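Chemist: Sharing a sequence plus its predicted fold:
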Amino acid sequence: MNNICNHVFTVFINLTHLTFYDAAHQNNARLSFDVPFPTFSSSSLLVLKIKVQTFDVCLYILDGRFEQLHTLDIELANILSPSEIENQRKIPNLKYFVLCCMSRTWYYDELILPLIYRMSNLEELGLSFTTTVKETFIDGNNLKQNILNQMSQLKHFTFDIRSVMFIKNQMNLPSKEDIQETFIDLQYTKIISCVDYFREYKRGLCHIYSYPFLMRRFKNVTNNFAGGLYPYVRVVTLYDEHPFEHEFFIRISQSFPCMEKLIINNRYGQNQKESYKLMNDKSNLSIAKYYNLIDLHID
């Protein structure tokens, strides 16, 4: 991989736009490097769209080797505590930044926020990740305090953020309505909130996202799913501690018309299975149709 990157920037000395991944969800190939990190650079690159393995690679990309870069769209496999890498340098030229992480992280405060703060002239920001939190979910107050109030040039902010909190003996846990109320003065875009508590595993999940939803993956859809239309989504994961009834699958088929991969994680049988069978015998049962589905996983 080092040689490929070196050749790209050596041969195409005036390269301005580079897309370094296959957009198909079936292809999970990602850019990864061994230590020491290669020294390739470019003084002409303006736009980079790339899939990488670790947060380290993201920091290397933003260490000054692409001094004219103004747009970075990066998807990470994980965000773990990085090695000792230069991560204090300001990134004044970056105007557009999208970060998507596929695995849950514990480093929202320690890594994601400090990285964003280096982008003092950022105008458009997109974030998609799942993070573990200790005491409070990430809500509108958190985003206002930690992002919107810190980024004076920011004009457009889209997000898809899930925060997971382990439940012990807490009282007065926030509801969906409590979370939604924290966005009441953010009127530049529609925001949807969903809150679920899973008693078996003693954890809570809060999902907040801007709508229209522009991401290609929608994770951990529960029975509390708000519905709507999500034409860009290609991969959907369903999870709940309560059964998914037939009407739920009808809603999923209507909300995700372009879904190609469906992952179902639910070990509870349908409560109304006999009623469905009787209705089906009388031809009164609607059929959930997934016209683009090519990959189904049932865990």
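Modeler: Nice, I can see it.

Chemist: which intervals of the protein have sub-threshold pLDDT?
Modeler: 1-4, 6-7, 22-29, 33-38, 82-87, 187, 272-284 (pLDDT under 70).

Chemist: Closest to the centroid, which residue in it?
Modeler: Geometric centre of the chain, nearest residue: residue 128, 2.6 Å, by CA atoms, centre = their mean.

Chemist: Would you mind listing the residues in contact with that residue?
Modeler: 98, 99, 100, 101, 159, 160, 161, 215, 217 (CB atoms under 8 Å, 6 or more residues apart in numbering). All C-beta spots, glycine's among them, are computed from the backbone N, C-alpha and C.

Chemist: From those residues, list just the buried residues.
Modeler: Burial by neighbour count, judged by 16 or more other CB atoms under 10 Å, picks out 98, 99, 100, 101, 159, 160, 161, 215, 217 from these.

Chemist: can you put those in TSV and add distance to residue 50 and secondary structure?
Modeler: As requested, these are exported to TSV (distance: CB to CB, whole Å; DSSP: H, G, I helix; E, B strand; the rest coil):
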residue	distance to residue 50	secondary structure
98	11	strand
99	11	strand
100	11	strand
101	14	strand
159	20	strand
160	19	strand
161	21	strand
215	17	coil
217	17	strand
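
Chemist: which residues sit in contact with residue 71?
Modeler: 46, 47, 48, 94, 95, 96, 97.

Chemist: Show me what it is bridged to.
Modeler: Taking DSSP bridges as the rule, residue 71 bridges to residue 47, residue 96.

Chemist: For the chain, which segments count as strands?
Modeler: With strands called from DSSP state E, the chain shows them at 17-20, 47-52, 71-76, 96-101, 124-133, 156-166, 190-198, 203-211, 217-221, 235-239, 261-265, 295-298.

Chemist: what's the angle from the third one to strand 124-133?
Modeler: Taking axes from the mean of the first three to the mean of the last three CA atoms, to 10 degrees, strand 71-76 and strand 124-133 form an angle of 20 degrees between their directions.

Chemist: try the second one
Modeler: Between strand 47-52 and strand 124-133, the angle comes out at 20 degrees (the same axes, to 10 degrees).

Chemist: how about strand 47-52: buried residues?
Modeler: 48, 49, 50, 51, 52.

Chemist: Buried ones from the contacts of residue 71, can you make that a ChimeraX selection?
Modeler: Filtering these down to the buried ones (16+ other CB under 10 Å) takes a single ChimeraX command:
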select :46,48,94,95,96,97
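
Chemist: I'd like the distance between residue 172 and residue 119.
Modeler: 37 Å (CB to CB, to the nearest Å).

Chemist: Please apply the same query to residue 44.
Modeler: Distance of residue 44 to residue 119, computed by CB to CB: 20 Å.

Chemist: So for those two, which residue has more residues nearby?
Modeler: Using other CB atoms under 10 Å as the criterion, residue 44 and residue 119 rank with residue 119 on top: 22 against 15.

Chemist: what bridges to the residue nearest to the centre of the chain?
Modeler: With DSSP bridges as the rule, residue 128 is bridged to residue 100, residue 160.

Chemist: My guess is residue 290 contacts residue 260. True?
Modeler: No: the criterion here is CB atoms under 8 Å, and residue 290 misses it with residue 260 at 9.1 Å.

Chemist: Pipe the strands of the chain into CSV and attach distance to residue 141 per row.
Modeler: Below are those laid out as CSV (distance: least, CB to CB, whole Å):
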stretch, distance to residue 141
strand 17-20, 36
strand 47-52, 31
strand 71-76, 26
strand 96-101, 21
strand 124-133, 13
strand 156-166, 13
strand 190-198, 12
strand 203-211, 11
strand 217-221, 23
strand 235-239, 27
strand 261-265, 31
strand 295-298, 36
